[in-house]
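1. Can you look at this prediction? I've put the sequence above it.
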Amino acid sequence: MKTLLCALLALVATGAAAQGAAAGKAVYDSTCAVCHAAGIVGAPKPGDAAAWAPRVKGGLDALVRSAIKGTTTGMPPRGGRPDLSDAQLRAAIDRSVRHRVGFCADTCHLYAAGYDLVRDFEGVWRNWDATCGRAHLRCLHLNDSKTPLGSRRDRHELIGEGTLGAAPFRRIMREPRFANVIKILETPKGDDEFTQDRRMLRRLRAYARGRPAR
Ligand code: HEC
């Protein structure tokens, strides 16, 4: 079972994360690749899910501690580079285990956090791709918002009936890049559990077919 990290894009400091990825690549290429790219003496290769699976269980912090200390079975302390900072090691490790991470984006949270899905849909996803990586978008919580752009208040509204309106949801339901992303409704239920959810599902299906919403 893959770990699905539910995270708000809002929590990711955009530029900082992109810089971290670049720093991680530089450290990895110059120092870690010597052993890890080829899997020398059992060094887990980046992207090798089976090799990393038992190691990532304790979380990223534990892996960073382990790399700082080194292991008795082949991993030299700090990869043999005492000058590398903890942050540099972390960035290099993060890069090696990133394939294990999936993000869940919530349309309402994004909008409330100031990501303008209404007027700059393309820009928000470009930003996402640069920061989190397209392949790591695994899940979308589909919610309209009761509050305006950048309100920093998370109040879900029925799809197409809030400040986001229908347009971003139509695109999400129609564009191939979102086709394989799990979508979960978290819209208000009203008096019973089913009526509104069924309406919302009909509405989203209509968006997907490009028909006027009911
Ligand atoms: C001289 C070869 C070598 C170099 C250079 C090297 N590693 Fe390793 N690394 C290994 C080996 C071998 C293992 C597996 C050791 C084990 O399972 O105990 C390992 C394991 C690890 C682990 C997993 C530790 C754990 O507790 O499961 C991490 C994280 C790691 N390396 C990060 C790095 C980073 C980051 C760099 C570069 C800064 C780096 N390594 C450089 C050989 C190396």
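-> Thanks, I have it. Numbers count the residues shown, from 1 in each chain.
2. what about the residue nearest the centre of the chain, distance to the ligand?
-> Taking CA atoms, centre = their mean, the centroid of the chain lies closest to F103, which sits 2.7 Å from it. F103 is 21 Å from the ligand, where distance means CB to the nearest ligand atom, to the nearest Å. Backbone N, C-alpha and C define where each C-beta goes, glycine included.
3. Same question for C139.
-> The value you get for C139 to the ligand, if CB to the nearest ligand atom is used, is 27 Å.
4. could you say what helices and strands the helix or strand where that residue lies packs with?
-> Here C139, judged by DSSP states H and E, is contained in strand 137-142. Under the contact definition 3 or more CB pairs under 8 Å, 6 or more residues apart in numbering; DSSP states H and E, strand 137-142 sits against strand 4-6, strand 102-106, helix 107-112, helix 166-174, strand 182-185.
5. of all these, which lies closest to F194?
-> The closest of the helices and strands packed on strand 137-142 to F194 is strand 182-185. By CB to CB, the value is 11.8 Å.
6. Check the offset of that closest one from the chain's centre.
-> On the basis of CA atoms, centre = their mean, to the nearest Å, strand 182-185 is displaced by 15 Å from the centre of the chain it belongs to.
7. Next: stretch 135-147.
-> 11 Å.
8. how about it as PDB, C-alpha atoms only?
-> Listed in PDB are the C-alpha atoms of stretch 135-147, where the atom choice follows Å, rounded to 0.1, in the frame of the first residue of the first chain:
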ATOM      1  CA  ALA A 135       3.100  12.500 -11.300                       C
ATOM      2  CA  HIS A 136       2.600  13.000  -7.600                       C
ATOM      3  CA  LEU A 137      -0.900  14.400  -7.900                       C
ATOM      4  CA  ARG A 138      -2.800  11.200  -6.900                       C
ATOM      5  CA  CYS A 139      -6.000  12.600  -5.400                       C
ATOM      6  CA  LEU A 140      -8.200  15.600  -5.600                       C
ATOM      7  CA  HIS A 141     -10.800  16.600  -3.000                       C
ATOM      8  CA  LEU A 142     -13.400  18.300  -5.100                       C
ATOM      9  CA  ASN A 143     -15.100  21.100  -3.200                       C
ATOM     10  CA  ASP A 144     -16.300  24.500  -4.100                       C
ATOM     11  CA  SER A 145     -15.700  27.300  -1.600                       C
ATOM     12  CA  LYS A 146     -18.000  29.500   0.400                       C
ATOM     13  CA  THR A 147     -15.200  32.000   0.900                       C
END
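9. What lies in contact with that stretch?
-> Residues from elsewhere that reach stretch 135-147 (CB atoms under 8 Å, 6 or more residues apart in numbering): 4, 6, 98, 101-109, 111-112, 128, 151, 153-165, 169, 172, 178, 181-187, 204.
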